[in-house]
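Visitor: Build the 3D model from these lines:
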Amino acid sequence: MKKENIPVIVWLLSGCLLIFTMVIVGGITRLTGSGLSMVDWKLFAGSIPPVNNQQWVETFELYKQFPEFQKQNYMFTLAEFKSIFFWEYIHRLLGRLIGLVFIIPFIYFLIKKRLSKKLTLQCIVLLFMGASQGAIGWWMVKSGLVNNPDVSHFRLATHLITAFLTFSYTFWVALSLIYPNKSHQNKTLYKLSFILMIVVIIQIIYGAFVAGLDAGKVYNSWPKMNNDWIAESVYSMTPLWNNFVNGIAGVQFIHRTFAFVVLFLIIYIFYQSRKTPLIQLEKNAINLLLVTVFFQMVLGIITLVLGVPIWLGVIHQLGAFILLASTVFSIFIFKPTK
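Guide: Below you'll find the predicted structure:
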């Protein structure tokens, strides 16, 4: 690690931490049903919340014009509205903060010529990904402001996975500066880690489907779905494939089953790692994968059995974040050098 790159590394890792925080707040926002409390998008004016009773009343009256209040929260008082508004406001405020944290230092480092040509292009990609995330977030919210007061689980998954990918790429760029002269490599473990990343991303997408469809609120038992290994409702819709993208039972079945694919793949990676001598950093990468996946599996089972309490749902999403970060770290560590 070059001394002159330390400020850039700190900047990138700070961005990772903020994205990490935003995903946690986003999970709380979703699980508390707060995501549709802000019914418009104002890039600058929206950063200031209502500051007096009159403004709160006006904001609440605007909320009353939309389906979530009319069909679901019609008994809400102003105080109850304020409680859900809080989390969505914090979520959006964090998004603005992340934008500033990325843009302002980027301009500073450009002026000071701290960024190489390659790093400049990577940072531009990061800025584009961040801007896309904001646009996707509003696109997601809009899906819940018409007719049915629930956001599309497809748009929710897009929003979540974009955040995870933005974090992953930011983390990757930071790693390339932390370990600029990485000499070790392992093609087998690199390929397996890359496959693992694809599998983990699919699992995260299905986790978003579960959240979007509230599929964690049914079949709160394990290992069986109530009394069956595969409940009849898993395949009750036609065509069959529709069960696994729109069906509550089918989506939950895929998520709880695919978790074992992730688990067994990591165990296989661990098994393969025992066949070759590894340096301590590489051993740490494998061990981190093992610890994280077992933690995530146990946490997922407990979350399901307890009916997805908010705090456990948030920690489970946190676990997915750490698992993906661990996977990105493994890919980087084992990546063949040119």
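Visitor: Could you use CA atoms for every contact and neighbour count after this?
Guide: Will do.
Visitor: Can you report how many residues neighbour Lys224?
Guide: Using other Cα atoms under 10 Å, Lys224 is surrounded by 12 other residues.
Visitor: ok, it - contacts?
Guide: Ile230 (Cα atoms under 8 Å, 6 or more residues apart in numbering).
Visitor: show me what contacts the residue of the chain most remote from its centre?
Guide: Distance from the C-alpha centroid of the chain peaks at Gln54, with 36.0 Å (Cα atoms, centre = their mean). By Cα under 8 Å, 6+ apart, no residues touch Gln54.
Visitor: need the helices for the stretch 101-250 of the chain, in chain order.
Guide: Using DSSP state H, counting those that start in this stretch, the helices of the stretch 101-250 of the chain run over residues 117-142, 153-178, 187-213, 248-273.
Visitor: For those helices, give me CSV that also has distance to Thr32, mean neighbour count and mean pLDDT.
Guide: Output for the helices of the stretch 101-250 of the chain, formatted as CSV (distance: least, Cα to Cα, whole Å; neighbours: other Cα atoms under 10 Å; pLDDT from 0 to 100):
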stretch, distance to Thr32, mean neighbour count, mean pLDDT
helix 117-142, 15, 16, 86
helix 153-178, 15, 20, 91
helix 187-213, 11, 20, 93
helix 248-273, 19, 19, 94
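Visitor: Among those, which comes closest to Asn226?
Guide: Proximity of those to Asn226 was assessed by Cα to Cα; the nearest stretch is helix 248-273, lying at 11.6 Å.
Visitor: Kindly provide the distance from Val101 to Pro67.
Guide: Here Val101 is placed at a distance of 35 Å from Pro67 (Cα to Cα, to the nearest Å).
Visitor: higher neighbour count, the two?
Guide: Neighbour totals were compared for Val101 and Pro67, and Pro67 leads with 19 against 16 (other Cα under 10 Å).
Visitor: what about the residue lying closest to that one once chain neighbours are set aside, neighbour count?
Guide: Once flanking residues are discounted, Pro67 sits nearest to Pro149: 5.4 Å by Cα to Cα, 6 or more residues apart in numbering. By the criterion of other Cα under 10 Å, Pro149 has 20 neighbours.
Visitor: now Pro149: how far from Gly33?
Guide: 10 Å.
Visitor: Skip the chain neighbours and tell me the closest residue to Phe270.
Guide: Leaving aside its sequence neighbours, Phe270 sits nearest to Ile286 (Cα to Cα, 6+ apart; 6.3 Å).
Visitor: before we move on, which element is that neighbour in?
Guide: helix 280-305 (DSSP states H and E).
Visitor: Thought Gln65 was touching the residue nearest to Pro67, still the case?
Guide: No. Here Pro149 lies out of contact with Gln65, judged by Cα atoms under 8 Å, at a distance of 11.8 Å.
Visitor: quick one: Met237 and Gly247 touch, right?
Guide: Yes. Met237 lies in contact with Gly247 (Cα under 8 Å); the separation is 7.4 Å.
Visitor: Between those two, which is the more surrounded one?
Guide: Gly247 (22 against 15).
Visitor: so how far is Leu323 from the more buried one?
Guide: Taken as Cα to Cα, the span from Gly247 to Leu323 is 26 Å.
Visitor: Also Thr59?
Guide: Applying Cα to Cα to Thr59 and Leu323 gives a distance of 39 Å.
Visitor: ditto for Asn181
Guide: 25 Å.
Visitor: Check Phe264 too.
Guide: Distance of Phe264 to Leu323, computed by Cα to Cα: 14 Å.
Visitor: rewinding a little: check contacts around the residue nearest to Phe270.
Guide: 269-270, 273, 330 are the contacts of Ile286 under Cα under 8 Å, 6+ apart.
Visitor: Likewise for Val199?
Guide: Counting by Cα under 8 Å, 6+ apart, Val199 has contacts 261-262.
Visitor: before we move on, the earlier item: what about the residue farthest from the centre of the chain, which helix or strand?
Guide: helix 53-63.
Visitor: Tell me the buried residues in that helix?
Guide: Within helix 53-63, the residues scored as buried using 16 or more other Cα atoms under 10 Å are 56, 59-60, 63.
Visitor: Same question for stretch 62-75.
Guide: Those would be 63-64, 66-69, for stretch 62-75 by 16+ other Cα under 10 Å.
Visitor: How about residues contacting it?
Guide: 36-39, 76, 144-150.
Visitor: Redo the residues you listed as a markdown table? Include pLDDT and distance to Lys191.
Guide: Below are those laid out as a markdown table (pLDDT from 0 to 100; distance: Cα to Cα, whole Å):
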| residue | pLDDT | distance to Lys191 |
| --- | --- | --- |
| Leu36 | 78 | 41 |
| Ser37 | 82 | 44 |
| Met38 | 80 | 44 |
| Val39 | 77 | 44 |
| Phe76 | 85 | 52 |
| Gly144 | 76 | 40 |
| Leu145 | 75 | 43 |
| Val146 | 77 | 44 |
| Asn147 | 76 | 45 |
| Asn148 | 74 | 43 |
| Pro149 | 73 | 42 |
| Asp150 | 76 | 39 |
